[in-house]
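Undergrad: pasting the structure only:
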């Protein structure tokens, strides 16, 4: 177990290094001058030069990268106008644009995206696995058809269409739900919940059809296995056969897919975030790319990369916990 | 007035839906069984014997099959019983011991929990009490340290131990009838003997009735009072075990009995050219596998083959027998270099091939071929059998499509199939025919040596006899050297000129087949031979007593 975690941690460092290198490379190959952009349209060449120096953009690329790595391990100091700005480790740099520390920017937005992703996950698991179970066991009944149609429609229609329709109908017309907004969970749990309910649903609908299909096929496959026949021959009821034996076998692929989806959600829930005006990571990423704000982009990619890898490690551990035949190496 | 019999089956008919119509799997079978008695149902695959066993518990209900006649088990009609009554029957008054102990248990739950679950279906007891009952029955079937082992999952047990767990599950609610469907088919002979002894002991102890379904006539000989022989869904012969096996009345029973390979009959192979030049020579061959431990621990590498030396000559058959885990399959694969030895030397026609790379082995591959155990798994289900047989020809560089077709047709005929079947798919064939395809494929490149890994262990006795005869014929005509790897001692004797007995990666005894079987020197060989079921019921009972006495001493 310890060996397993050590190896995964090493792998994680490798992945993150590779990501940051690629992002740096793309930025220096792409057109546009960050210093000019940071300074603004009306800057004189002298002012731009000054800004460039202040941001450390005058150093050779490899040195800039080295400074960036050094910042993560040991922290860095930046000259900010009059004095020095100390950025403690792990320092991901300072935004070219706002002069804010990237770690602060991410820390402010991470709870938003995390709330959105985790809440949506709960809903898509309940909806997807439930629909899958129903379609495995009660194929053709009315409830099953309705749920299957709902999940398929949710996947087929883009999130901004569904989200917009729900927004107009539920919030504007019927006024059943408040307009989506983000309130920290620690501040007011009730408001946090109601404010995020609609975004959760919109996001979960896209994912749930996938989970319904996966659950359905896995449950049907397990129900055809010999050990199900054993328990049927011992008088175990059908309901118990499904909940205790068949669903257990379906758990493994669902865990794997959930981990992947959850990990990617941290960087790619941008459509949902923009639509509902939630200040999350995805939204920040899109803005920063437009502004060629290298430190922010690198920081965000590293954080989302970290989330993807972490989610997969968690999935591996869950595998071993749910299925004792799995050995972690 | 005698009490009502435990089981009374009358005019049982089972039809399975096939396409638009129905296939009659069981056709008018009837028998009775008294408490404490044992009935053996024997027959080849497709005879309907397992279908009869399932019908005793009403397991065809809800599968689309049509069941007719009456099946009275402990006063309940399994054909018509509904709901609670049916559930009480299943596991409560009659319990099934399933075959294939790996897949018959849920891989995700501890075995003790699985048994406890069955207990709680039938008895209004607490979780703790059900768990305690599970430990009790595990102890009863001879699982050492049952309290701790009850928390293990199925994959942590050996095949024989898993079969014991399944028997324990059947015992959990003290049923009046045990139905055992091929309970020892996947097991080694010594383990098979232990399981059969256990079933026998439980029956005498609890007074339960036993229905034992098997394809192996040797298994019923020592374990049942009466035998029912089935063929194509019908009962062909039915009577006391000594009469049916000793003086069969029906021609089918006689044919079945004569197809059973005898361990005491001298071998008849090697009528051909006799042993020629030395083809393959292994010296101190070894193979280790790295293993993975549990969540935290690491284990040392496992030695599967531990210093084996042998020679194979042209035109002779070397039999390699051993129980599962003895390393015989690993050895077989190394001999044709599907595996690389981790130690020792392997010479083929004087050349050291033990450490050759894949590129240098390429030209030798056509001379060293292999036939696999499972003819279903070793043929690609999405390709026609003709394509499968043609593969080695194409690999060897043959490009002329007409010549390939002609050669494949020739090969199919050579193994007793029709040349026109080129375009058929594996699922259209029976097990024996599929194994013939496997043999045709091995013959295609024109090999000098074929390693057959359990080539007939998945087949019925009569099919087995045909495939074995085919291999002998091919050897005679083509001067092939055969290495015949199997766990079945009787089959190995039937085909082999020389025999090597393997145990724990080593050859414990090697020599002329008749010598090894008639005067075994090593205690392990003696034990193996003693565990083989015999067809004579009297002899079988005597051997059981000898085993029990030896165990008690």
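TA: Structure's in. What do you need? Here the structure is a predicted model, which means the values were calculated and not measured.
Undergrad: burial measure for residue 87, as a count.
TA: Using chain A here. Counted with other C-beta atoms under 10 Å in any protein chain shown, residues neighbouring residue A:87 total 19. Any C-beta I mention is one placed from the backbone N, CA and C, and that applies to glycine too.
Undergrad: um, chain B though
TA: With neighbours defined by other C-beta under 10 Å, the count for residue B:87 comes to 19.
Undergrad: so which strand or helix has it?
TA: helix B:83-89 (DSSP states H and E).
Undergrad: please pull out the lowest mean pLDDT helix or strand from the chain.
TA: Since you didn't name a chain, this refers to chain A. strand A:76-80 (a mean of 73; mean pLDDT, DSSP states H and E).
Undergrad: give me the distance from the next helix or strand along the chain from it to the chain's centre.
TA: As assigned by DSSP H and E, the chain's next helix or strand after strand A:76-80 is strand A:83-87. Remark: strand A:83-87 is offset 32 Å from the chain centroid, using C-alpha atoms, centre = their mean, to the nearest Å.
Undergrad: please apply the same query to stretch B:442-453.
TA: Counting by C-alpha atoms, centre = their mean, stretch B:442-453 comes out at 24 Å from the chain centroid.
Undergrad: and what of stretch B:87-106?
TA: 20 Å.
Undergrad: could you give the average pLDDT over that stretch?
TA: Looking at stretch B:87-106 alone, the average pLDDT works out to 86.
Undergrad: now do stretch A:293-305
TA: 87.
Undergrad: what's that stretch in contact with?
TA: Contacts with stretch A:293-305, where a contact means C-beta atoms under 8 Å, 6 or more residues apart in numbering or on different chains, come from A:15-16, A:19-20, A:23-24, A:27, A:34, A:68, A:92-97, A:102-103, A:105-106, A:110, A:263-264, A:266-267, A:281, A:284-285, A:288-289.
Undergrad: give me the subset of those residues touching chain B.
TA: Checked against chain B using C-beta under 8 Å from any C-beta of the partner chain, those yield no neighbours at all.
Undergrad: from the contact counts, what lies against the helix or strand of chain B with the lowest mean pLDDT?
TA: In chain B, no helix or strand scores lower on mean pLDDT, DSSP H and E than helix B:537-552, which sits at a mean of 82. Using 3 or more C-beta pairs under 8 Å, 6 or more residues apart in numbering or on different chains; DSSP states H and E, the elements in contact with helix B:537-552 are helix B:189-206, helix B:217-221, helix B:241-246, helix B:523-531.
Undergrad: tell me which of those is the most buried.
TA: helix B:217-221 (a mean of 25; mean count of other C-beta atoms under 10 Å in any protein chain shown).
Undergrad: so how far is that helix off the chain centroid?
TA: 14 Å.
Undergrad: identify the residues contacting that helix?
TA: Contacts for helix B:217-221 (C-beta under 8 Å, 6+ apart): B:40, B:42, B:184, B:192, B:196, B:212, B:214, B:227, B:241, B:245, B:256-257, B:260, B:461, B:532-537, B:540.
Undergrad: buried among the residues you listed? Make that a PyMOL selection.
TA: Selection of buried members from the contacts of helix B:217-221 for PyMOL, criterion 16 or more other C-beta atoms under 10 Å in any protein chain shown:
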select buried, chain B and resi 40+42+184+192+196+212+214+227+241+245+256+257+260+461+532+533+534+535+537+540
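Undergrad: all helices for the stretch 201-329 of chain A, in order.
TA: A:226-233, A:238-240, A:247-268, A:270-275, A:281-290, A:294-322 (DSSP state H, counting those that start in this stretch).
Undergrad: which stretch among those helices comes nearest residue B:207?
TA: helix A:226-233 (22.0 Å; C-beta to C-beta).
Undergrad: got the angle for that closest one vs helix A:247-268?
TA: Relative orientation of helix A:226-233 and helix A:247-268, computed by axes from the mean of the first three to the mean of the last three C-alpha atoms, to 10 degrees: 130 degrees.
Undergrad: now for helix A:226-233, which elements pack on it?
TA: Checking 3+ C-beta pairs under 8 Å, 6+ apart, helix A:226-233 ends up next to strand B:94-97, helix B:111-122.
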